[in-house]
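A.B. asks: the following block contains a protein sequence and its predicted model.
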Amino acid sequence: MKCALVTGGSRGIGSAICQKLAEDKKYHILINYQGNQEAAQKTLEEVVRKGATGEIIKFDVSDAEEVKNVLSAWQEANPEAIVEVIVNNAGITRDGLFMWMSLEDWNSVVNTSLNGFFNVTNFFIQKMLRNKYGRIINMVSVSGVKGTPGQTNYSAAKGAVVAATKALAQEVAKRSITVNAVAPGFIRTDMTGDLDEKELVKLIPANRFGEAGEVADLVAFLASERAGYITGEVININGGIYS
C-alpha cells in the first residue's frame with residue numbers, strides 16, 4: 001500500500017491537497033488533523049468520492065512524543081504500507097507586533113511549523129531512503145520568503161523551513177527523494193477569512209486571491225513522478241505579489 005500523508009489535512013489548503021492527490025488514485029491518503037474531526041471526516045468522504053482510499057490519523061505535529069507514538073502504532077498496524085509522499089502543511093498563526101509578542105505565541109508557531117516538519121519527516125526519512133523514492137513537500141508562505149510585518153514568528157518559522165528544505169534536498173537527492181517548498185500568497189481559506197480582501201487585492205498584480213485548488217494542483221505535480229528533477233526549490237504561488 002503506497003501512502004501520502006498530509007498534515008493539517010482537514011481544512012483549507014490541506015483538504016484541497018488531500019482531494020487532489022485522491023484524483024490520481026495512486027495513493028492511500030492519510031489525513032492528519034489535530035482538532036476538527038468533523039472537517040477531517042468531510043475531507044475523507046471527498047477522498048473516497050473521488051475513488052481513492054484514505055483514513056484519518058490524529059496527532060499534534062508539534063508534540064514529538066505523540067507523533068512518534070501515533071505513527072509507530074500506525075506503521076505496526078500496516079507493516080506493508082510505504083509512505084512515499086509527505087506534505088507538511090500543518091501550521092498556525094499567532095499574529096501581533098513583535099514588541100508585544102508573548103513567548104507562548106512565538107513558541108507555538110515555531111513548534112507547529114518548524115518542529116512539526118522535523119517530527120513528521122524525521123520519522124519517515126530512513127524508510128524513504130531505504131525505499132529509494134520519496135516526495136517531501138513543505139508548505140511555507142510568502143511570509144517565509146519576504147517576511148510580513150505582524151508575523152515575525154510565522155515568518156521566522158516558515159523561513160526556517162525554507163532553509164531546511166534546501167539543505168535536506170541535497171542530502172537525499174541521490175536516492176530519488178525530492179524536497180520542495182510551496183509558498184502561497186493570499187489564498188481564500190478559513191485562515192484568510194478575516195482579512196480585508198477588497199483592500200489587499202490592490203496589492204496583488206493578478207487582482208484576486210488564489211484558490212486552495214490552485215495550490216493543490218501545484219502540490220500534486222510536485223508529488224508526482226514527473227517532478228523528479230525538481231528539488232530544493234521554493235515555488236511561489238501568489239499572483240505576482242512577490243516576484
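C.D. replies: Right, received. Where do you want to start? Residues are numbered from 1 along each chain as shown.

A.B. asks: so which elements touch the lengthiest helix in the chain?
C.D. replies: Longest among the helix segments of the chain by residue count, using DSSP state H, is helix 152-172. Helix 152-172 makes packing contacts with helix 103-110, helix 116-131, strand 134-139, helix 142-146, strand 177-184, strand 234-237 when contacts are defined by 3 or more C-beta pairs under 8 Å, 6 or more residues apart in numbering; DSSP states H and E. C-betas here are computed from N, CA, C, even on glycine.

A.B. asks: for it, list the C-alpha coordinates in CSV.
C.D. replies: Only the C-alpha atoms of helix 152-172 are listed here, as CSV (Å, rounded to 0.1, in the frame of the first residue of the first chain):
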residue,chain,number,x,y,z
THR,A,152,7.7,37.8,12.8
ASN,A,153,7.0,34.4,14.5
TYR,A,154,5.3,33.0,11.4
SER,A,155,7.9,34.4,9.0
ALA,A,156,10.7,33.0,11.2
ALA,A,157,9.2,29.6,11.3
LYS,A,158,8.4,29.4,7.6
GLY,A,159,11.7,30.9,6.7
ALA,A,160,13.5,28.2,8.7
VAL,A,161,11.5,25.5,6.8
VAL,A,162,12.6,27.1,3.5
ALA,A,163,16.3,26.7,4.6
ALA,A,164,15.7,23.2,5.9
THR,A,165,14.1,22.3,2.5
LYS,A,166,17.2,23.4,0.6
ALA,A,167,19.5,21.5,2.9
LEU,A,168,17.6,18.3,3.1
ALA,A,169,17.1,18.2,-0.6
GLN,A,170,20.8,18.0,-1.2
GLU,A,171,21.2,15.2,1.4
VAL,A,172,18.6,12.8,-0.1
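
A.B. asks: got the contact list for the residue nearest the centre of the chain?
C.D. replies: Centrality entry for the chain: nearest residue to the mean C-alpha point is residue 89, 1.9 Å, by C-alpha atoms, centre = their mean. In this structure, residue 89 makes contact with 6-9, 13-14, 17, 139, judged by C-beta atoms under 8 Å, 6 or more residues apart in numbering.

A.B. asks: most neighbours among these, which one is it?
C.D. replies: Of the contacts of residue 89, residue 6 is surrounded by the most neighbours, 34 neighbours in total, counting by other C-beta atoms under 10 Å.

A.B. asks: if I look at the residue in the chain sticking out farthest from the centre, how far off is residue 122?
C.D. replies: Distance from the C-alpha centroid of the chain peaks at residue 99, with 28.8 Å (C-alpha atoms, centre = their mean). In this structure, residue 99 and residue 122 are separated by 34 Å, where distance is defined by C-beta to C-beta, to the nearest Å.

A.B. asks: how far off centre is the worst-scoring helix or strand of the chain on mean pLDDT?
C.D. replies: The least trusted helix or strand in the chain, going by mean pLDDT, DSSP states H and E, turns out to be helix 197-200, with a mean of 82. Relative to the mean C-alpha coordinate of its chain, helix 197-200 is positioned 25 Å out (C-alpha atoms, centre = their mean, to the nearest Å).
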